[in-house]
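Enquirer: Structure, please.
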Amino acid sequence: MCLQQSAEVKIWGWDTPGQKVAVNPSWGKQSQTITDKEGNWLIHITTPKAGKTGSIKVTGSTQQTIENIVFGEVWVCSGQSNMERELGLRNGQKPIINFWEEAKKANYPNIRMFKVATVASGIPLNNCQGKWVICNPETVFKFSAVGYFYAQILHENLSVPFGLIQSSRGGTPAEAWIPKSGIHEGLREKYKNFETSFQKDKDDYDSALNDFKSGLISEFPYIPESVDRLKNKYRKLSVLYNGMISPLTNYIIKGAIWYQGEANVPYWEDYRTVFPSMITSWRKQWGIGDFPFYFVQIPPYDYDDKYGMPFGMPKIVEAQCEALKLPNTGVAATQDIGAFYDIHPPHKKEVGRRLSLIALHKTYNKPDVVYAVPFLSSYKNEGKSMVLQIETPGSELYLLSAAIGGIWGLHIAGENKIFYPAKVKQDGNKIQLSSSKVEHPVAARYNWANNANATIYNKQGLPALPFRTDDWDKVFYGE
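Expert: All right, here's what the predicted structure looks like:
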């Protein structure tokens, strides 16, 4: 296993009530305690800094010894299917780029990996199933590709052991990963209403679906929100926190990485508060302060108009970024490495690398590492044009053009809220936008579409996130 280095960690377990339990670490003094009336016990021990290998002997009514313990940096890797996706092949998904070559090189005895078994629970659990394994060409095939690449890069840069705890489940919304204490009353009431209407809505939806399959109706039926929210046991409030995060909260960690958001695209407005609440509540449950929490922008994908909105991707990214207002957070941009027709893009190594840049700069005090993506800091109207001021911390602006492959990245609109592709001029970190069809522009949007590709980068090749200067709900796009 891997324990967090230079930390006061917790060793805990269960035995008969009133039983004396002794924990004897090979690097320090023995500690003792007595189990409570339910048989629970917990002992604090201090770990050494990275470099040593140790063992722990636990003696109670029985005796166990944990061998081959390394001390390093422990990270939780959580989210939905893009974090869950293992390095090896998976049915129905494209291979991870260069997965075979990457796996052959994955001989890292000081990277330790623990995969939490999938469990949905109505109450917080204190135990989970899984086991620590050493990273090698066989074990890495079954572990999160993003998590592995993240740890591999950090391990090679910092020369310390890394422990990864993967707790993820595909197709799940953030609401399933929040403890009940972190769910605000409005959302709780909303889910109560969903539970009330679920069965009738499901029956009506199933009937319409059968009519569609039989050719009685021509349009695929719209799935009711109650059915979409509650269609399986892994989507209900708090169930994955209870089953897959709660058992971990005694385990001292350095931080967490998160790749999720696709399941929340239809409910992006909720996500603006749900996601920050999830981070805050995790930190409260662990009780170790505002530990680093770094997340991945969901990339471009053909969400179509099935949710009644052609801007699913940029709106959920905008909602994701509400979490950046919290301390010790960061986002890895993926605007240029998505796969428009594949919700599981295969560029997992680059995702891991971009997450590692944030950690190297913000967590591991490498100030020369550029991690921040270009962002809009200000804008102003100048007659027939708009001027955007783009900040590129530690870097320079690199602008491709107004469009890639015929897909326009920059649009402007006047008071009529009709957006047109913009002509682009760059002057240092300023971008001037104009269009013959917009006499007095008042708003600008960048990559505000599901299929947009990156045209704004910094010198290190990190792309800007989608942004807009307006908050309009109903707009039009001219030819």
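Enquirer: The longest helix seen in the chain - contacts with which helices or strands?
Expert: In the chain, ranked by residue count with DSSP state H as the criterion, the top helix is helix 185-214. Helices and strands touching helix 185-214, by 3 or more CB pairs under 8 Å, 6 or more residues apart in numbering; DSSP states H and E, are helix 225-230. Heads up, the C-betas are built off the backbone N, CA and C, glycines and all.
Enquirer: For residue 476, report the pLDDT, please.
Expert: pLDDT recorded at residue 476 is 89.
Enquirer: what about it, neighbour count?
Expert: Residues near residue 476, counting by other CB atoms under 10 Å, number 10.
Enquirer: got the buried residues for the longest helix of the chain?
Expert: For helix 185-214, the neighbour count (16 or more other CB atoms under 10 Å) marks 187, 190-191, 194, 198, 201-202, 205, 208 as buried.
Enquirer: pLDDT weak spots in the chain?
Expert: Low-confidence segments of the chain, defined by pLDDT under 70: 305-310.
Enquirer: Helices of that one, start to end?
Expert: 81-84, 99-104, 145-158, 185-214, 225-230, 239-240, 268-286, 312-320, 348-358.
Enquirer: These into TSV, with extra columns for distance to residue 426?
Expert: Formatted as TSV, the helices of the chain follow (distance: least, CB to CB, whole Å):
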stretch	distance to residue 426
helix 81-84	33
helix 99-104	37
helix 145-158	32
helix 185-214	43
helix 225-230	43
helix 239-240	45
helix 268-286	31
helix 312-320	22
helix 348-358	24
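Enquirer: among those, which is nearest residue 466?
Expert: Evaluated over the helices of the chain, closeness to residue 466 peaks at helix 312-320, with 3.9 Å, by CB to CB.
Enquirer: send the alpha carbons of that closest one over as CSV?
Expert: Output of helix 312-320 as CSV, limited to C-alpha atoms (Å, rounded to 0.1, in the frame of the first residue of the first chain):
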residue,chain,number,x,y,z
GLY,A,312,-24.8,21.7,-23.7
MET,A,313,-21.0,21.5,-23.6
PRO,A,314,-20.1,25.2,-23.0
LYS,A,315,-22.9,25.7,-20.5
ILE,A,316,-21.8,22.8,-18.4
VAL,A,317,-18.1,24.0,-18.6
GLU,A,318,-19.3,27.4,-17.5
ALA,A,319,-21.0,25.7,-14.6
GLN,A,320,-17.9,23.6,-13.8
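Enquirer: Centre of the chain to that helix, how far?
Expert: Distance of helix 312-320 from the chain centroid (CA atoms, centre = their mean, to the nearest Å) equals 13 Å.
Enquirer: what angle sits between it and helix 268-286?
Expert: With axes from the mean of the first three to the mean of the last three CA atoms, to 10 degrees as the basis, helix 312-320 and helix 268-286 are set at 40 degrees to each other.
Enquirer: Which of the helices of the chain has the highest mean neighbour count?
Expert: helix 239-240 (a mean of 26; mean count of other CB atoms under 10 Å).
Enquirer: Pull the residues that contact that helix.
Expert: With contact meaning CB atoms under 8 Å, 6 or more residues apart in numbering, helix 239-240 is reached by 120-122, 169, 172, 176-177, 233-234.
Enquirer: residues in contact with residue 146?
Expert: Contacts of residue 146 (CB under 8 Å, 6+ apart): 77, 82-83, 85, 257, 259, 296, 348, 351-352, 355.
Enquirer: ok, 7 Å please
Expert: Going by CB atoms under 7 Å, 6 or more residues apart in numbering, residue 146 touches 77, 82-83, 259, 348, 351-352.
Enquirer: One more: residue 25?
Expert: 45, 54, 56.
Enquirer: change it to 10 Å
Expert: 3, 9, 11, 31, 43, 45-48, 54-58, 66, 69 (CB atoms under 10 Å, 6 or more residues apart in numbering).
Enquirer: Quickly list what it is bridged to.
Expert: residue 56 (DSSP bridges).
Enquirer: Quick check: the gap between residue 369 and residue 75.
Expert: 17 Å (CB to CB, to the nearest Å).
Enquirer: the more surrounded of the two?
Expert: Between residue 369 and residue 75, residue 75 has the larger neighbour count (other CB under 10 Å), namely 28 against 17.
Enquirer: residues in contact with the more buried one?
Expert: Residue 75 touches 2, 4, 147, 150-151, 154, 162-166, 253-257, 291-292, 294, 355, 359, 363, counting by CB under 10 Å, 6+ apart.
Enquirer: so how far is the longest helix of the chain from its chain's centroid?
Expert: That offset, for helix 185-214, works out to 28 Å (CA atoms, centre = their mean).
Enquirer: same deal with stretch 362-369?
Expert: 21 Å.
Enquirer: Mind listing residues that contact it?
Expert: By CB under 10 Å, 6+ apart, the residues outside stretch 362-369 that reach it are 73, 75, 154, 157-158, 160, 254-255, 291-292, 294, 328-330, 356-361, 371-372, 394, 460.
Enquirer: Please list only the buried members of those residues.
Expert: Buried among those (16+ other CB under 10 Å): 73, 75, 154, 158, 160, 254-255, 291-292, 294, 329-330, 356-361, 371-372, 460.
Enquirer: Which ones among these lie within strands?
Expert: Counted as lying in strands by DSSP state E, out of these, are 73, 75, 255, 294, 329-330.
Enquirer: can the residues you listed go into a markdown table with extra columns for distance to residue 399?
Expert: Listed next are these as a markdown table, based on distance: CB to CB, whole Å:
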| residue | distance to residue 399 |
| --- | --- |
| 73 | 37 |
| 75 | 34 |
| 255 | 33 |
| 294 | 26 |
| 329 | 27 |
| 330 | 24 |
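Enquirer: related to what we said a few turns ago, which one among the contacts of residue 146 gets closest to residue 94?
Expert: residue 348 (10.7 Å).
Enquirer: how near is the closest one to residue 44?
Expert: If you measure residue 348 against residue 44 using CB to CB, the figure is 37 Å.
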